[in-house]
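Just a sequence and a predicted model for now, questions to come.
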Amino acid sequence: MVSTTPNPVHSHPAMTLAHLLSVEQIIPEMQAKERWAAIAELTDRLVAVDRIALDDRQEVIEALEAREHTMSTGIGFGIAIPHASSTRVNQVVAAFGRSKEGIEFGSLDHTPVRFVVLFVVPKDEFQMHLRTLAAIAKFLNDKGVRERLTLANKPEDILEIFRANGR
């Protein structure tokens, strides 16, 4: 007999930033000047808002750094999307940071990063991982969105941009 129950690994929709973020998970002006500090800063924000347990912080950072060592997640246009899968989370967690000065991220286009979306997915959620990454990249690829994010003053304003665009 063939099961009609969808396989949960293959049926997850892409997680959008509007669903993944709260005001507390947004840093409107990051302190980091380079990618490793940016990854730590955003991970620390997730620890501070109880999305990642303090005891799991180092393992999550190591997973993010291991992914980053394979190839920079600085995708160009001032965007970086550090991401990893980990057994230390049981749902997708994310943080968003903005840097007006720019962060050295080893980006593919060699330009400083101004927008960083960090996310971690549960270890066995490969399809969700890919869909989430694609949705975030597509959203931030919109020049108008990047311009609005640059002008936003507060975390609430940034979150509203994500919500207004259904992302």
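Perfect, I can see it now.

and stretch 17-34, how far out from the chain's middle?
9 Å (C-alpha atoms, centre = their mean, to the nearest Å).

Buried by neighbour count: which residues of that stretch qualify?
Neighbour counts over stretch 17-34 (16 or more other C-beta atoms under 10 Å) mark L17, A18, L20, L21, Q25, I26, I27, P28, M30, A32 as buried. Every C-beta, even on glycine, is put in place using the N, C-alpha and C of the backbone.

do the same with stretch 34-45
R35, A38, I39, E41, L42, T43, D44, R45.

repeat for stretch 158-167
I158, L159, I161, F162, R167.

Relative to M71, which of these is nearest.
R167 (24.1 Å; C-beta to C-beta).

which residues sit in contact with T87?
Contacts for T87 (C-beta atoms under 8 Å, 6 or more residues apart in numbering) come out as P122, K123.

switch the cut-off to 10 Å
D56, E59, V60, A63, P122, K123, D124 (C-beta atoms under 10 Å, 6 or more residues apart in numbering).

same thing with L140?
Contacts of L140 were listed using C-beta under 10 Å, 6+ apart, and they are 17, 75, 77-81, 96, 115, 117, 146, 149, 167.

Go again with 8 Å.
So L140 contacts F77, I79, I81, F115, V117, R146 (C-beta under 8 Å, 6+ apart).

Name the residues of the helix or strand harbouring H129 that come out as buried.
Element membership for H129, per DSSP states H and E: helix 126-140. Under the neighbour-count criterion of 16+ other C-beta under 10 Å, helix 126-140 has Q127, M128, H129, R131, T132, L133, A135, I136, F139, L140 buried.

Likewise for stretch 45-57?
Within stretch 45-57, the residues that count as buried by 16+ other C-beta under 10 Å are R45, L46, V47, R51, I52, D56, R57.
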